[in-house]
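**Q** no letters, just coordinates:
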């Protein structure tokens, strides 16, 4: 199964934002053990690096994000994806629309995010980390 992991889930993992860190950690554990094929939009790494500046010095941010990059594949947005996202004004949040375009391009089964409502217009279903982990339990039972 392929999933695109949103920035907020990356930050839950790296900033240990309780109670969500537990679910984010489990998602990344599945990616690390190759039980799940994880993707992250390139700009999510940039956003996470910037947001983490209040919490960690440069060297620690780089190391933490490199660790994430070892567990997932990075998917970039090309010119067409950016233009499509700009033209798709039904999608309330431009950045989330680019995330959805990245999820489409890697053929993700889900976008894992805590902001599911922001992806109502996405062609790839958005699901919370907790919901995703519950879905996995159902498939193994």
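**A** Nice, thanks for sending it over. All of these numbers come straight from a predicted model, not from anything done at the bench.

**Q** pull out the buried residues from the strand or helix carrying residue 22.
**A** Here residue 22, judged by DSSP states H and E, is contained in helix 21-32. For helix 21-32, burial by neighbour count (16 or more other CB atoms under 10 Å) applies to 21, 23, 24, 26, 27, 28, 30, 31. For the C-beta atoms, the positions are set from N, CA and C on the backbone; glycine is no exception.

**Q** closest to residue 38 out of the residues you listed?
**A** Checking the buried residues of helix 21-32 against residue 38 with CB to CB, the nearest one is residue 31 at 3.6 Å.

**Q** can you tell me the closest non-neighbouring residue to that closest one?
**A** residue 38 (3.6 Å; CB to CB, 6 or more residues apart in numbering).

**Q** how far away is that neighbour from residue 68?
**A** 9 Å (CB to CB, to the nearest Å).

**Q** and what of residue 99?
**A** Per CB to CB, residue 99 is found 16 Å from residue 68.

**Q** comparing those two, which residue is more hemmed in?
**A** residue 99 (30 against 21; other CB atoms under 10 Å).

**Q** confidence score at the more buried one?
**A** On the pLDDT scale, residue 99 is placed at 97.

**Q** contacting residues for it?
**A** Shown in contact with residue 99 (CB atoms under 8 Å, 6 or more residues apart in numbering): 4, 6, 7, 41, 44, 111, 113, 119.

**Q** could you give the angle of the helix or strand containing residue 12 to helix 21-32?
**A** Assigned by DSSP H and E, residue 12 belongs to helix 7-14. Calculated by axes from the mean of the first three to the mean of the last three CA atoms, to 10 degrees, helix 7-14 forms an angle of 100 degrees with helix 21-32.

**Q** tell me which other helices or strands helix 7-14 touches.
**A** helix 21-32, helix 42-51, helix 58-71 (3 or more CB pairs under 8 Å, 6 or more residues apart in numbering; DSSP states H and E).

**Q** assumed residue 130 was part of a helix.
**A** Yes - according to DSSP: H, G, I helix; E, B strand; the rest coil, residue 130 belongs to a helix.
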